[in-house]
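[1] okay, sequence plus prediction incoming.
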Amino acid sequence: MAINQTMQDAFNEHINHEFFASYLYLSMSAYCESINLPGFAHWMRIQSQEEYSHAMKLYDFLLDRDGKVALLPIAQPALEFASVHDVMQQTLDHERSVTGLINGLYGKAVAEGDYASQVHLQWFITEQIEEEKIASELVEQLNLIGDRGDALLFMDRELATRTLAPDPAGTGAT
Ligand code: FEO
């Protein structure tokens, strides 16, 4: 059954949110690079790529349901950040807001009796648990580190080892 107009509009809006997240994390990556933390920059770049793949997972779903993809303008993300702690705190805040948006989308799918969308969105609900958990851990680690440069450099080396999760959209995009 083709997706209805309400769900199509909601999915298109959410595709835009995922692309914005990709943009935001890429901007954070550039900032981390500028303050000589290449491990954090690498971590944020991977995070950006994962957000791109989240957008594509929804994009493919819309097409599979005979929906129309409408790519909306992507807002400009922040260019400056106060510190790497600020970057990570904003990442956590952003992930929490995305969780709210996903929950809203799921609620809409329930209200519309759209079972296929509910099933598809379950992946995102699970993913948000992981996203919030990881960002929260990194904020806590930075709290522990405080202004100890040696510990920050150690964390930077750790984050440099992050690898890209398997592409959830299966599009070969990442
Ligand atoms: Fe697409 Fe970070 O959630």
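    Structure received. Residues are numbered from 1 along each chain as shown.
[2] give me the residue from the chain nearest the ligand.
    Going by Cβ to the nearest ligand atom, the ligand is nearest to residue 54 of the chain, at 3.7 Å. No exception for glycine: its C-beta is placed from N, CA and C like everyone else's.
[3] which residue packs closest to residue 75, ignoring adjacent ones?
    Leaving out its chain neighbours, the residue that sits closest to residue 75 by Cβ to Cβ, 6 or more residues apart in numbering is residue 20, at 5.7 Å.
[4] helix or strand: which one has the one you found?
    Assigned by DSSP states H and E, residue 20 belongs to helix 5-34.
[5] give the rounded mean pLDDT of that helix.
    Mean pLDDT, computed over helix 5-34, is 98.
[6] thought residue 92 was touching residue 141?
    No: Residue 92 is beyond contact range of residue 141, at 12.0 Å (criterion: Cβ atoms under 8 Å).
[7] neighbour-wise, which of the two wins?
    Shown here are residue 92 and residue 141; by other Cβ atoms under 10 Å, residue 92 has more neighbours (19 against 15).
[8] returning to that earlier point: contact partners for the residue nearest to residue 75?
    74-75, 77 (Cβ atoms under 8 Å, 6 or more residues apart in numbering).
[9] now those: which count as buried?
    The neighbour count (16 or more other Cβ atoms under 10 Å) marks residue 77 as buried among those.
[10] and the protein, which residues reach the ligand?
    Listed as neighbours of the ligand in the chain under the rule Cβ under 6 Å from any ligand atom: 18, 21, 51, 54, 95, 98, 131.
[11] please report the distance of residue 82 from residue 35.
    11 Å (Cβ to Cβ, to the nearest Å).
[12] scratch that, residue 27 is what I was asking about
    According to Cβ to Cβ, residue 27 and residue 35 sit 13 Å apart.
[13] comparing these two, which residue is more hemmed in?
    Between residue 27 and residue 35, counting by other Cβ under 10 Å, residue 27 is the more crowded of the two (19 against 12).
[14] tell me the secondary structure at the closest residue to the more buried one other than its chain neighbours.
    Nearest non-adjacent residue to residue 27, counting by Cβ to Cβ, 6+ apart: residue 77, 4.2 Å away. Put simply, residue 77 is coil when judged by DSSP: H, G, I helix; E, B strand; the rest coil.
[15] right, and residue 77 touches residue 24 too?
    Yes: counting by Cβ under 8 Å, residue 24 is a contact partner of residue 77 at 4.0 Å.
[16] can you say which helix or strand has the spatially most central residue of the chain in it?
    For the chain, the residue sitting closest to the mean C-alpha position, by Cα atoms, centre = their mean, is residue 51 at 4.1 Å. Taking DSSP H and E as the criterion, residue 51 maps to helix 38-64.
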